[in-house]
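Asks: Here is a sequence with its predicted model. Questions after.
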Amino acid sequence: MAEKMKALVKEGRRLAVQKIAPPALEADGQVIVQVIMAGLCRTDLYAASGILKTPDSLVLGHEFAGVISESSSNNFKAGDRVVVNPLLSCGHCRHCLNQTHGACGLAEFIGIDRQGCFAGYINVPAASIYRIPETLPFQSGAYAEPVAAALAVLKTGIKPEQKGLMIGANRFSQLLQKIMRVYGFANIDRFDPIKEGATANLEESSYDYVIETLIDSKILATMVRVVKPGGIIILKSRQHEEISFKLADLIKKEPILHVVNYGSFDEAIDLLSSGRIEIDDLIDGVYPLEQFRKVFSGAQGNEALKPFFAPWD
C-alpha cells in the first residue's frame, strides 16, 4: 500500500481531492478494503451540502465494492471481493442482539459518522462485510447497497395480490419496481408528484399499501388520503428536513406505518449475481475523483442514473 491515497474530503463546507494517509488495521476483526468502485447517491449530496451533520473532516461515500488488502479477521483474507453494509452497529446492545441493528444507539454510518469510501482504501469491521462472486462486476456489486435498501420494503407484510401505489419517479423507484416484479408484485401504480403535483387527483382510500421514494409533508398527506383504512404506509426516504402531518387523519384510518431501512445484503447480492434483476439502465459512467464537481452537479438534477467513482485510480 502506498504512503498516501487519493480521497474526496469534506472540511466544513469545502470539498477537495486530497492525498491522505491510508487507513491501518487498529484491532482484531477489521479489514482494509481497496475501493474499486463507489456509487454516488442522495445521502452523499446531503452530507456534502451540510444538510446532514458530519465531522469537521470527513471522507464522503458509502456505496462501494472492492478487494480486501489486509485482514485481522479469521473470516476474510486478502484478495476477497467484497461489498459492505454501511450501517455499522455495535453488535452487543439489545437491539443488535434482537437483529434490529438499525435501532442501535451506537451505530455509525460510513461516509457520515466515520470515514467513507470515496478513497483508495477504507477500514471496516469484518461483521459488515459480504463476499461477492467473481462473476459479479464491481460496479454491480456496488449496487448491492441500494438493492438491500429496496428489499427492506418487502419486510412490511405486503402481498403480491394487493393493490399498491409507489410515489416517486426516480432511480430508486425504478430499482424497487424491478425487485418487486421478481417477487410477483405486478399490481402497482406509479405516481410522480413532481410532474403531477403532490395533491393530484388520486382516488381516496384506493390502495392496500403506499410506498414513497420521495417525501415531504404534502406527499405524506396524499399517502394517508389514498391508502385504505387499515392499509400499509411505507416510508423509505432518508428525508432530513422536518415533515408535518395531521395526526387526526392517521387516527381516522388506522393505517399500519412502516419505516424501513435495510433488507438482506445476501439476498441483494444473489439478485444481482443471478441476473434476476438488471441494473444496466440505472447506471451512469465511471469517473475519477478529480471530476467530483461535475458529477455532483449532474447528480443534483438527475435521479435516473447512478454515477460511480473509481477512487483507486
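Replies: Great, that's in hand. Residues are numbered from 1 along each chain as shown.
Asks: where's residue 65 relative to residue 97, distance?
Replies: Counting by CB to CB, to the nearest Å, the separation of residue 65 from residue 97 is 29 Å. The C-beta positions use only the backbone N, C-alpha and C, and glycine is treated the same way.
Asks: what about residue 250, helix or strand, and which?
Replies: For residue 250, the enclosing helix or strand under DSSP states H and E is helix 247-253.
Asks: before we move on, the earlier item: higher neighbour count, residue 65 and residue 97?
Replies: The residue with more neighbours, out of residue 65 and residue 97, is residue 65; 28 against 10, by other CB atoms under 10 Å.
Asks: quick one, strands of the stretch 201-313 of the chain?
Replies: Ranges of strands in the stretch 201-313 of the chain, per DSSP state E, counting those that start in this stretch, are 207-212, 227-235, 256-259, 283-287, 306-309.
Asks: Can you name the residues that contact residue 305?
Replies: For residue 305, the contact set (CB atoms under 8 Å, 6 or more residues apart in numbering) comprises 171, 282-284.
Asks: now residue 233
Replies: 209-210, 223-224, 227, 255-258.
Asks: Buried only: go through these for me.
Replies: Those of these that meet the buried threshold are 209-210, 223-224, 227, 255, 258, by 16 or more other CB atoms under 10 Å.
Asks: So which of the residues you listed is the closest to residue 107?
Replies: residue 258 (19.4 Å; CB to CB).
Asks: ok, what's across the strand from that closest one?
Replies: Note on residue 258: beta-bridge partners by DSSP bridges are residue 234.
Asks: what's the distance between it and residue 230?
Replies: Using CB to CB, residue 258 is found at 13 Å from residue 230.
Asks: same thing with residue 182?
Replies: For residue 182, the distance to residue 230 - CB to CB - is 27 Å.
Asks: Ok, residue 175 next?
Replies: 28 Å.
Asks: name the element residue 130 belongs to?
Replies: According to DSSP H and E, residue 130 maps onto strand 129-131.
Asks: Could you list the buried residues of that strand?
Replies: Quick answer for strand 129-131 (16+ other CB under 10 Å): 129-130.
Asks: Mind checking the pLDDT average for that strand?
Replies: In this model, strand 129-131 has a mean pLDDT of 98.
Asks: Which neighbouring elements make contact with it?
Replies: strand 81-84, helix 265-273 (3 or more CB pairs under 8 Å, 6 or more residues apart in numbering; DSSP states H and E).
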